[in-house]
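Trainee: Fold the stuff below for me.
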Amino acid sequence: MKYNPNIHHRRSIRLKGYNYSQAGWYFVTICTQHHECLFGNIAQGEMNLNDAGRMVKNGIWN
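Mentor: Reported below is the predicted structural model:
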């Protein structure tokens, strides 16, 4: 679908004037379809990561 400003009303959540290309820490939220536990499970209040969860935690994207 081609962008149509009369239909698509997305607002940027970026901080005005902030240089996002500079080095720094960023928070990333990963949402899974139907809230599936794809990255591990929670037992006794602690997150137990599986292989996929460890890859995300360690930043292994490839």
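
Trainee: His34: neighbouring residues, count only.
Mentor: As a burial measure, His34 scores 4 neighbours (other C-beta atoms under 10 Å). All C-beta spots, glycine's among them, are computed from the backbone N, C-alpha and C.

Trainee: Would you agree it falls within a strand?
Mentor: No. Counting by DSSP: H, G, I helix; E, B strand; the rest coil, His34 falls outside a strand, being helix.

Trainee: chain center to stretch 29-46: distance?
Mentor: Distance of stretch 29-46 from the chain centroid (C-alpha atoms, centre = their mean, to the nearest Å) equals 13 Å.

Trainee: pLDDT of it, averaged?
Mentor: Across stretch 29-46, the average pLDDT comes to 91.

Trainee: What lies in contact with it?
Mentor: Contacts with stretch 29-46, where a contact means C-beta atoms under 8 Å, 6 or more residues apart in numbering, come from Met47, Asn48, Leu49, Asn50, Ala52, Gly53, Val56.
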